[in-house]
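J.: The amino acid sequence is not available; the structure is as follows:
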């Protein structure tokens, strides 16, 4: 089982739409692999897309999953764990797994889903309290951080993808602690350059503003518990306009991002699954209208129709060459997923 987290503590990088297209395409190109998507975001946008999108009653289908007994979502599982936080109770992990193909015919049959849930925000407060409990003979923080691992221990999948919230809240830490690899989407702006540095501070405890913080970091707690940290597997420069060239005002920022990553690779190679910028950094074009329509229809690029389509009662046009270029960009990401 290879577990990927798609994460950036900065919002607005197109993380969920990129993750949706990447995971569905990965499943299409590897039909014999069992793939699980875990939606660890309280907005649950990934779940709505997989379950049909705006045009296919994705929100209604998500509510139906959350209305089951037990609640078929990550929030339903965490509800169970809040009652037994320090040792796993007897439960069936399958109770929390949904099958998107039953609601959305465009999704590959080999993808399953643990739905997202707005309960996560409420649960995070309880998780923090439990993780800081002083219980003799028990590492309370580690017990809570292992909740997702203990769910996955009961499940049999080849590849797991976790769509995370743009934060470093307790449920995001639980996702990262369960992961082997991180896909980090960024954009061509200075805030994304800062976000890369912030990501390394948050996950690996590097370049902290003061030594005061060092004993409280995620990395320190994981290392003290004998746990490994996930490695950066890909950095995706997302939503780049197709008109961007060497003369672009963004080019200096893009080169700055490459320079920052190159320095991090030299200083901390142990935190990467690649050895050079060319190997691990990909440019992803802005999907434009094609991406918006795919998101709303819960539709992978590979089986998305082109021409004039209906979206929220209005007619929009998806050009075949734009759709094909978007799919080509996603294929470049998918081709790097199973590399060591």
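T.: That came through, no problem. A quick note: this is a predicted structure, and the numbers were derived from the prediction, not measured.
J.: So what touches the least confident helix or strand in the chain by mean pLDDT?
T.: Least confident element among the helices and strands of the chain, by mean pLDDT, DSSP states H and E: strand 307-311 (a mean of 74). Here strand 307-311 makes contact (CB atoms under 8 Å, 6 or more residues apart in numbering) with 55, 292, 293, 296, 297, 315, 316, 317, 318, 320. Bear in mind the C-beta positions are built from the backbone N, C-alpha and C, glycine included.
J.: In helices only, show me those residues.
T.: Using DSSP state H, the members of the contacts of strand 307-311 that fall in helices are 292, 293, 296, 297, 320.
J.: Just the buried residues of those.
T.: Among the ones in helices among the contacts of strand 307-311, those scoring as buried are 293, 296, 297 (criterion: 16 or more other CB atoms under 10 Å).
J.: In contact with the residue lying closest to the second one once chain neighbours are set aside, which residues?
T.: Nearest-residue entry for residue 296: residue 54, 4.4 Å, with adjacent residues in sequence omitted and distances by CB to CB, 6 or more residues apart in numbering. Residues in contact with residue 54 (CB under 8 Å, 6+ apart) are 48, 295, 296, 297, 298, 312.
J.: Which strands border the least confident helix or strand of the chain, and is each parallel or antiparallel?
T.: Sheet pairing for strand 307-311, assigned by DSSP bridges, gives strand 314-318 (antiparallel).
J.: ok so, going back, is it possible to export the ones in helices among the contacts of strand 307-311 to JSON lines including pLDDT and distance to residue 277?
T.: Supplementary listing: the ones in helices among the contacts of strand 307-311 in JSON lines, determined by pLDDT from 0 to 100; distance: CB to CB, whole Å:
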{"residue": "292", "pLDDT": "85", "distance to residue 277": "30"}
{"residue": "293", "pLDDT": "85", "distance to residue 277": "32"}
{"residue": "296", "pLDDT": "87", "distance to residue 277": "34"}
{"residue": "297", "pLDDT": "86", "distance to residue 277": "35"}
{"residue": "320", "pLDDT": "87", "distance to residue 277": "32"}
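J.: okay if I get the residues you listed as CSV plus distance to residue 96?
T.: Formatted as CSV, the ones in helices among the contacts of strand 307-311 follow (distance: CB to CB, whole Å):
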residue, distance to residue 96
292, 31
293, 31
296, 27
297, 26
320, 39
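J.: tell me which element residue 3 falls in.
T.: Assigned by DSSP states H and E, residue 3 falls within strand 2-6.
J.: elements contacting that strand?
T.: Helices and strands touching strand 2-6, by 3 or more CB pairs under 8 Å, 6 or more residues apart in numbering; DSSP states H and E, are helix 15-29, strand 159-164, helix 170-178, strand 181-186.
J.: Figure out which of these is closest to residue 202.
T.: Of all these, it is helix 170-178 that lies closest to residue 202, at 8.7 Å by CB to CB.
J.: Ramachandran coordinates for the nearest residue to residue 21 once chain neighbours are set aside?
T.: Nearest residue to residue 21, sequence neighbours excluded (CB to CB, 6+ apart): residue 330, at 4.8 Å. Residue 330 adopts backbone torsions of phi -70, psi -40, taken as degrees, to the nearest 10.
J.: Contact partners for residue 330?
T.: The neighbourhood of residue 330, defined by CB under 8 Å, 6+ apart, consists of 21, 22, 25, 301.
J.: could I get those as CSV with distance to residue 102 and neighbour count?
T.: CSV is the format used below for the contacts of residue 330 (distance: CB to CB, whole Å; neighbours: other CB atoms under 10 Å):
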residue, distance to residue 102, neighbour count
21, 21, 29
22, 22, 25
25, 20, 20
301, 22, 24
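J.: which of those lies closest to residue 277?
T.: Residue 277 has its nearest neighbour among these in residue 22, at 20.0 Å by CB to CB.
J.: Which pLDDT value goes with the closest one?
T.: You'll see residue 22 listed with a pLDDT of 94.
J.: That one: what's its closest spatial neighbour, skipping adjacent residues?
T.: Closest to residue 22 by CB to CB, 6+ apart is residue 333, at 5.1 Å.
J.: Specify the angle between the helix or strand containing the one you found and strand 181-186 in degrees.
T.: According to DSSP H and E, residue 333 maps onto helix 320-334. For helix 320-334 against strand 181-186, the angle by axes from the mean of the first three to the mean of the last three CA atoms, to 10 degrees is 140 degrees.
J.: mind listing what's buried in helix 320-334?
T.: Buried residues in helix 320-334, counted by 16+ other CB under 10 Å: 322, 323, 325, 326, 327, 329, 330, 331, 333, 334.
J.: All good on my end, thank you.
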